[in-house]
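Enquirer: Here's a sequence, model it:
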Amino acid sequence: MRKRRGGRTVGWGQVGQHRKHGAKGGHGKAGLHKHKWSWVVKYAPDYFGSHGFTRPGALPRWVNVGELEALAARLPEEGGLPLLDLSSIGVDKLLGSGRLSRPLRVKVAKSTESARSKVEAAGGKVEEA
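Expert: Numbering: from 1, shown residues only. Now for the predicted structure:
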């Protein structure tokens, strides 16, 4: 190509043959499965296909303090306070975002310090199992 530099067509024949969009082989990532395959092989070998699998239940589940009242709408009362067993519905941790206006007894595997203080400020208590 060095010897053609300075020539107006640089080996493309007529002037307009290489100046428009047709010379690119499609817009963006079009053609990666066909004529732009060498780009995928060289620069993005993991571009196509699925890589690994995450089980739907494998991620830790949590709930915020502000969502407890909606969960405790129809709960039986045991010992004066309604018992909300979060472990039985698959919740691993209680986080402290939101407000709680009614006292609840909450049973959960883990809880943050702010969540415990908000539940206790409302007159309830947190039991970590």
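
Enquirer: where does residue 57 land on pLDDT?
Expert: Reported pLDDT at residue 57 in the predicted model: 69.

Enquirer: er, residue 11 I mean
Expert: The predicted local distance difference test score for residue 11 is 82.

Enquirer: In this protein, mark out all the helices, start to finish.
Expert: Remark: helices assigned in the chain by DSSP state H are 37-43, 68-71, 113-121.

Enquirer: same question for the longest one, mean pLDDT?
Expert: This means helix 113-121. The pLDDT scores in helix 113-121 average 96.

Enquirer: Outline the domain layout of the chain.
Expert: According to the domain assignment given by automatic domain parsing, the chain is divided into the following structural domains: 2-43, 62-128.

Enquirer: just to revisit the earlier point, can I get the helices of the chain in TSV with mean neighbour count and distance to residue 98?
Expert: In this view, the C-beta of every residue, glycine as well, is placed from N, C-alpha and C. Below are those laid out as TSV (neighbours: other C-beta atoms under 10 Å; distance: least, C-beta to C-beta, whole Å):
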stretch	mean neighbour count	distance to residue 98
helix 37-43	11	46
helix 68-71	16	8
helix 113-121	17	8
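
Enquirer: can I get those in a markdown table with distance to residue 5?
Expert: Conversion of the helices of the chain to a markdown table gives the following (distance: least, C-beta to C-beta, whole Å):
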| stretch | distance to residue 5 |
| --- | --- |
| helix 37-43 | 25 |
| helix 68-71 | 71 |
| helix 113-121 | 68 |
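
Enquirer: Go through the domains of the chain and pick out the most buried.
Expert: Counting by mean count of other C-beta atoms under 10 Å, domain 62-128 has the highest mean neighbour count of these, with a mean of 16.
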